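> return atomic coordinates for the entry below.
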Amino acid sequence: MKLHKNKDDFTEAVQAVSRGLNISPALIEKDYYVTLVLKRINEEISGLIFKGGTSLSKCHKAINRFSEDIDLTLDSEHLTEGQRKIVKPTIVKICEELGLTINNLENTRSRRDYNCYQISYPLLFENDEIDPVIKAETVFIQECYPEEVKQADSLIGEWLKVNGFT
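As a prediction, this is how the structure comes out:
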C-alpha cells in the first residue's frame, strides 16, 4: 500500500471514496495512514496484539466508528530485553520510510512499559473536527487476552475491493 507516494492518485482515491461512502475526505486520509502505520509495524515487530476501539472497528467490524489511535500490546513475559529495545527504533524507521513525523520523539524511551507516539502525516485534506495526528500506543504487559489473527484494511482498500479495482 503505497498509494500516498503519488499525490494525484492518492487525492483522487480519497475523493472517490469520500463521495462513495459520504465520509469526510480528511477522515478517509487519516484512516489510510492509520492502517498503513499499523500494517508496517505488524510486518516489522512480531508478537504484537492490536486492541482497543480501532481494532474492534477495523478488524472485527464490531462497532461503526473511527478511532485515531493504534493500541498495541506486547507480551513482555515472552520478550527478551533486546526485543523490547528494538520497538522504538523500529517505529522511528517505519515513520521515516513512510515520510511521517513523530512529533514527540524526545518523550519516548526504548524499553519503557508504555509509549505514545504522536505521528503526523502529510495533510492534504483539512477538517477542524479531525486531529491530523495518529497516536500509536505501545504497552508491555505480562498477561495478554485471547488473540485472533485478523485482516485490517483502510477505507480506501475496502472501497477499491468492493468496486472491483483490486
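> for the rest of this, base every contact and every neighbour count on C-alpha atoms.
OK.
> what pairs with the strand ranked longest in the chain, and is each one parallel or antiparallel?
Using DSSP state E to assign secondary structure, the strand with the most residues in the chain is strand 133-141. In its sheet, strand 133-141 lies beside strand 69-75 (parallel), strand 114-120 (antiparallel), with partners assigned from DSSP bridges.
> identify the residues contacting Val87.
The contact partners of Val87, taken as CA atoms under 8 Å, 6 or more residues apart in numbering, are Ile45, Ser110, Arg111.
> can you tell me the closest non-neighbouring residue to the first one?
Going back to what we said before, that points to Ile45. Beyond its immediate neighbours in the sequence, the residue positioned closest to Ile45 (CA to CA, 6 or more residues apart in numbering) is Val87, lying 7.1 Å away.
> what's the pLDDT at the one you found?
According to the predicted model, the pLDDT of Val87 comes to 89.
> which residue is nearest the centroid of the protein?
Central residue of the chain (CA atoms, centre = their mean): Val34, 3.0 Å from the mean position.
> hang on, that residue packs against Cys95?
No - between Val34 and Cys95 there is no contact, the gap being 11.5 Å when judged by CA atoms under 8 Å.
> so where's this protein uncertain?
1, 50-68, 75-76, 78, 142-152, 166 (pLDDT under 70).
> CA atoms only: put the longest strand of the chain into PDB for me.
Output for strand 133-141, consisting of C-alpha atoms alone and laid out as PDB, is shown next (Å, rounded to 0.1, in the frame of the first residue of the first chain):
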ATOM      1  CA  VAL A 133      -2.100  13.200  14.400                       C
ATOM      2  CA  ILE A 134      -2.100   9.400  14.800                       C
ATOM      3  CA  LYS A 135      -1.500   8.200  18.300                       C
ATOM      4  CA  ALA A 136       0.300   4.800  18.300                       C
ATOM      5  CA  GLU A 137       0.500   3.500  21.900                       C
ATOM      6  CA  THR A 138       2.700   0.600  22.800                       C
ATOM      7  CA  VAL A 139       2.300  -1.300  26.100                       C
ATOM      8  CA  PHE A 140       4.300  -4.100  27.500                       C
ATOM      9  CA  ILE A 141       2.200  -6.400  29.700                       C
END
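> now do that strand: distance to the chain's middle.
On the basis of CA atoms, centre = their mean, to the nearest Å, the separation between the geometric centre of strand 133-141 and that of its chain is 10 Å.
> report the buried residues of that strand.
Of the residues in strand 133-141, those with enough neighbours to count as buried (16 or more other CA atoms under 10 Å) are Val133, Ile134, Lys135, Ala136, Thr138, Val139, Phe140.
> you'd agree the third one is up against Ser120?
No - using CA under 8 Å, Lys135 is not in contact with Ser120; the gap is 9.0 Å.
> lovely, talk soon.
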